[in-house]
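In: Here you go, sequence then predicted model.
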Amino acid sequence: MIDVQAVVSDGHGVLSLRQFSLGAPERGEVLIKIMASGVCHTDWDVARCQWPFILGHEGAGIVAAVGPEVDNLSIGDRVVLNWAKPCGTCYYCERGLKPLCENAADVPHERRQWPSDCEQNPAVAFGLGTMATHTVVAQEAVCKIPENSSVSFDGACITGCGVMTGVGSVLRTAAVEKGSSVVVIGCGAVGLSVIQGAKIAEAAQIIAIDLHENRLDMAQQYGATDVWHANRDDIGLRQAAVWVKEQTNGRGADYAFECCAVPALADAPLAMIRNGGTAVGVSGIEEEVTVDMRLFEWDKTFITSLYGRCNPSEDFDRLFHEHSCGNLLLEEMVTHRYTLEDFQQAFDDMLSGKNAKGVLAIGANL
């Protein structure tokens, strides 16, 4: 058993640093020493889901121990964690929809022993719980960082969700074509990743839309060719949509991606695309919204993208390859690093929009 410190929610948004004992990995499991963990809006949502959780689902670290029947990982390997954890053989895995796996592996809660004063044993966010000094995960959650990669733990950890979601939504979900036009609504970490994915796909025109001038500046640094400073009074971004059509031969863009998580803008990408174009909901809005069905005219497609249809065995290698070639900026997206003890400040800064991406530097020195 080892002692672990972790950021734990009470299920109602109150966070604390707690200690528990973690057992050794068993069959098919891996013990990871976490070096860095991304701070994501999804973590904040998990913190308020009516049950205690060990937070964190974007993590990178070092393999500290392996259980029996783990033959593709060794102690000391640098790794990034993913939450798809596909079995490879179920209905969805066989159809290439790995994040929808019906048999995603998890580590039993018994591997974690909590103090007697803990009324409810916390669950583990996404089966990962990366806001901790250590975690035990199923081997399917672990992707090795290539030995020739220069990526830092900061840069690696954010690929675990936000970057994979954004880049994958372009390359896998929408399959953006070379020479096409792309609109990105919302230029936070996921939106910036969509922009970079569109650049990797060799889109000819990448239009970024955001309320904040500093995010639009970043969007241009990351590959946007045009920007539109949004106005809160522009209901549904319909004025922005008129401008987008003017910039795209009067038809509208080939593809538009919603990355802002604002329910009122759920249908905004449909207003931005041409007839026969593709709109993609990336942020995962989980609320009832009203949609003007005329926006689907004519032959428009709307897709929701879960984790960019991540195929962990292929996609992380590609992300690190694109990073090594200079096509994917990762460390540059991390605008502030925090200690594990400063988790509350990290969340406060995230909620205020201060960071493109904040990272808890756990095993690494600040």
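Out: Arrived safely, thanks for sending. Numbering: from 1, shown residues only.

In: So what sits opposite Gly61 in the bridge?
Out: Gly61 has the following beta-bridge partners by DSSP bridges: Ile34, Val79.

In: For the residue most central in space within the chain, give me its contacts.
Out: The residue lying closest to the centre of the chain (CA atoms, centre = their mean) is Gly162, at 2.0 Å. Gly162 sits next to Gly38, Cys40, Glu58, Ala189, Val190, Ser193, Lys357 when contact means CB atoms under 8 Å, 6 or more residues apart in numbering. Where C-beta positions appear, they are placed from N, C-alpha and C, glycine not excepted.

In: can you pull out the helices in the chain?
Out: Here the chain has its helices, by DSSP state H, at 41-46, 91-94, 153-158, 164-168, 189-200, 213-222, 238-247, 268-272, 312-324, 343-351.

In: Only alpha carbons, please: show the shortest one as CSV.
Out: Taking Å, rounded to 0.1, in the frame of the first residue of the first chain, the C-alpha atoms of helix 91-94 are listed here in CSV:
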residue,chain,number,x,y,z
TYR,A,91,-20.3,-3.9,-31.0
TYR,A,92,-19.0,-0.3,-30.9
CYS,A,93,-15.3,-1.0,-30.9
GLU,A,94,-15.7,-3.2,-34.0
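
In: can you list the contacts of Gly162 in TSV and add neighbour count?
Out: Formatted as TSV, the contacts of Gly162 follow (neighbours: other CB atoms under 10 Å):
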residue	neighbour count
Gly38	31
Cys40	26
Glu58	32
Ala189	29
Val190	30
Ser193	33
Lys357	27
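
In: And Gly67, how far from Ala24?
Out: The spacing between Gly67 and Ala24, counted by CB to CB, to the nearest Å, is 7 Å.

In: Generate TSV for the helices of the chain, with distance to Ile285 and mean pLDDT as supplementary columns.
Out: TSV is the format used below for the helices of the chain (distance: least, CB to CB, whole Å; pLDDT from 0 to 100):
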stretch	distance to Ile285	mean pLDDT
helix 41-46	12	94
helix 91-94	22	97
helix 153-158	22	98
helix 164-168	14	98
helix 189-200	13	97
helix 213-222	19	95
helix 238-247	18	98
helix 268-272	11	98
helix 312-324	24	97
helix 343-351	18	96
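
In: Mind putting these into CSV with distance to Trp228?
Out: Formatted as CSV, these follow (distance: least, CB to CB, whole Å):
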stretch, distance to Trp228
helix 41-46, 23
helix 91-94, 37
helix 153-158, 26
helix 164-168, 19
helix 189-200, 13
helix 213-222, 8
helix 238-247, 5
helix 268-272, 10
helix 312-324, 27
helix 343-351, 24
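
In: how about the ones you listed, which one is nearest Thr290?
Out: helix 268-272 (12.7 Å; CB to CB).

In: other SSEs contacting that closest one?
Out: In terms of contacts (3 or more CB pairs under 8 Å, 6 or more residues apart in numbering; DSSP states H and E), helix 268-272 is packed against strand 181-185, helix 238-247, strand 253-258, strand 273-281.

In: Other residues contacting the third one?
Out: Think strand 253-258. 169-170, 174, 176-177, 180-186, 191, 194, 198, 203, 205, 207, 244, 265-266, 268-270, 272-274, 277-283, 285.

In: got it, and the first one?
Out: With CB under 8 Å, 6+ apart as the contact definition, strand 181-185 has outside contacts at 170, 176, 191, 194-195, 198, 203-210, 219, 224, 237, 244, 248, 253-260, 265, 268-269, 272-273.
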